[in-house]
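*Asks:* pasted the sequence and its predicted model underneath.
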Protein chains: 2
Amino acid sequence: MANMTSTSDEILGCARALIVAGGYNGFSYADISEVVGIRKASIHHHFPSKVDLVRTLVARYREEAEAAIAQLARQEPADQLRAYTEYWAACIGDGTRPFCVCALLASEIPVLPPDVVLEVRAYFRLFSAWLTSLMEQGAKQGTLTLSGTARSEAETFIATVHGAMLSARAYGEPSIYAAITRPLIERLTAPRQ
Amino acid sequence: MANMTSTSDEILGCARALIVAGGYNGFSYADISEVVGIRKASIHHHFPSKVDLVRTLVARYREEAEAAIAQLARQEPADQLRAYTEYWAACIGDGTRPFCVCALLASEIPVLPPDVVLEVRAYFRLFSAWLTSLMEQGAKQGTLTLSGTARSEAETFIATVHGAMLSARAYGEPSIYAAITRPLIERLTAPRQ
DNA sequence: GACGCACTCCCTACCAGAAGGTAGACAAAG
DNA sequence: CTTTGTCTACCTTCTGGTAGGGAGTGCGTC
C-alpha cells in the first residue's frame, strides 16, 4: 500500500508538467522541490544536473510513445491515426498535459543543451517513421487516400497536429484542436473521387 | 548618414532575434546589452521592464504584419497565401528569423506575463480573420477549393504553417518547411474534381 | 544475534553567478 | 534649464550546483 511511484518518478512527472507549461527555461529545481515536497539538493541526488533530468524525461517520454505505438499496431491505419489525435484531444480537453513535451522543446532547440536536442530529434524521427508506414499501409489497402507521397503526408500530419495544439493554446480554446484535426482525418479517410 | 535605426529599435530587433531563438525565458537584458553594445541599465531607460519590452515588440510585430497584409490586398487570394508561405520559406531558408515570434511565445502562454499573452492572442486573431476572409473570397471566385468552412480551412492553414516551422527546426532541415507548405497550397488551389 | 560496512536517500548550509531592476551622476542637445 | 540617453554602482532574488552530515536499510561475518 506504499506510494507506488518512486521519488524520481515523481520528479520526472512534475518536471514534465512544468516543461509543458513553459519549456526548458520556464522551470527550476526550486519549482519541482515545492511540488514534490523535497529539498532542491535531494533532486540533485536523483538527477545531478538539469540536463540529466530533462534528457531522462524525454528519453522515457519517447519510450512510452514507442510502447503506445506498438500497442496500436493491430488496428487499421485510419484507426491508429484517430487514436493518436483523440489521445491529444483528451489531454487538451481536460487540461492535463495540454501540449506535447517534445513539440514544446523543439521550438526552443537553438538554446537547448545538445544532449536534450538529440532526444527531441529522436522523438520526431520516431513519429515520422511511424506515420509514414501508416500512410503506406493505408494507401496499399485503399483505406487512406493520399495526396502526395506517404512521407509528405506523414510530415503534414505531424505538423498539423502540433500546429493545432499551438492554436488551441494561443486562442485559449481547447475546441480549436479538434476543429483542425477532425477535417485532417476526414481528408485522409475520404474515398477518392 | 547617421545610423538610421534608433537605439530602441536596435534593442527591439535584438530581443526579437533572441526570442525567436529561445522564447521569453530564453534571454536576458544582459544578452541584449552584449549585442547592442550598451549597458543593462540603459536598456531599462528605453523599456523599464522586460514585460514592457516584449509587449512593445509583439505589438510592433503585429503592426508590421497588418501593414504587410494590407500591402497584399490587391493580389488574388491564392497569391496572397503563396506570398505568406514563401515569406517564411525565405526566412527559414536563409536562417534569419527562422520562426514566428508569436508562434514561439504562444507555446509558452501559461508562463507568460498576461500583458504579453494579450498581444500574442491579438496576433493570432488577426491572422485568423485575414485567412478566413481570403478563403471566403477564393471560394466565391472559384480560385480556391475548400474542404470545409472558410474559418476551418483558415485555422488548418495557420496550424500547418506553424507546425511546418516547428518540424523544420526539430529535424534541423529547413527544406521540410517547403515540403509541408507546398502541398498545402496545392490542395487549396487544385480545381474541384 | 551483534558487529561492521556500504549504500540509498534526504537533509542543512553554502556558493558563485545571473536574473530583473533601481539610484544617482554626468554629458550633450534643444 | 529641462530633457534625453548613457553610465557606474548597487540591490535582491533566483539559479543550478556542491559539501558534508545523518538516518535508515540490507548484508556478510564472527
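*Replies:* Sure thing, it's come through.
*Asks:* ends of stretch A:37-53, how far apart?
*Replies:* 17 Å (C-alpha to C-alpha, to the nearest Å).
*Asks:* give me the contact list for that stretch.
*Replies:* With contacts defined as C-beta atoms under 8 Å, 6 or more residues apart in numbering or on different chains, stretch A:37-53 is touched by A:7-8, A:11-12, A:15, A:29-30, A:32-33, A:36, A:56, A:113, A:115-116. Every residue, glycine included, has its C-beta placed from N, CA and C.
*Asks:* and DNA strand C, which of those reach it?
*Replies:* Within the set of those, contact with DNA strand C (C-beta under 7 Å from any atom of the strand) is found for residue A:7.
*Asks:* restricted to helices, list the contacts of stretch A:37-53.
*Replies:* Secondary structure from DSSP state H places A:7-8, A:11-12, A:15, A:29-30, A:32-33, A:36, A:56, A:115-116 of these in helices.
*Asks:* give me the number of residues near the residue of chain A found nearest DNA strand D?
*Replies:* Distances between chain A and DNA strand D by C-beta to the nearest atom of the strand are smallest at residue A:28, namely 2.8 Å. Using other C-beta atoms under 10 Å in any protein chain shown, residue A:28 has 12 neighbouring residues.
*Asks:* and it, how far is that from DNA strand C?
*Replies:* 10 Å (C-beta to the nearest atom of the strand, to the nearest Å).
*Asks:* got any ranges where chain A has weak pLDDT?
*Replies:* A:1-5, A:192-193 (pLDDT under 70).
*Asks:* around DNA strand D, which positions in it sit nearby?
*Replies:* Residues of chain A lying near DNA strand D (C-beta under 7 Å from any atom of the strand): A:27-31, A:40-41, A:44, A:48-51.
*Asks:* chain A: helices as residue ranges?
*Replies:* A:7-22, A:29-36, A:40-46, A:50-72, A:77-94, A:101-107, A:114-141, A:150-171, A:175-189.
*Asks:* what packs against the fifth one?
*Replies:* If I follow you right, that is helix A:77-94. helix A:50-72, helix A:114-141, helix A:150-171, helix A:175-189 (3 or more C-beta pairs under 8 Å, 6 or more residues apart in numbering or on different chains; DSSP states H and E).
*Asks:* do that again at 6 Å, thanks
*Replies:* helix A:114-141, helix A:175-189 (3 or more C-beta pairs under 6 Å, 6 or more residues apart in numbering or on different chains; DSSP states H and E).
*Asks:* the first one too?
*Replies:* Helices and strands touching helix A:7-22, as assessed by 3+ C-beta pairs under 6 Å, 6+ apart, comprise helix A:29-36, helix A:40-46, helix A:50-72, helix A:101-107.
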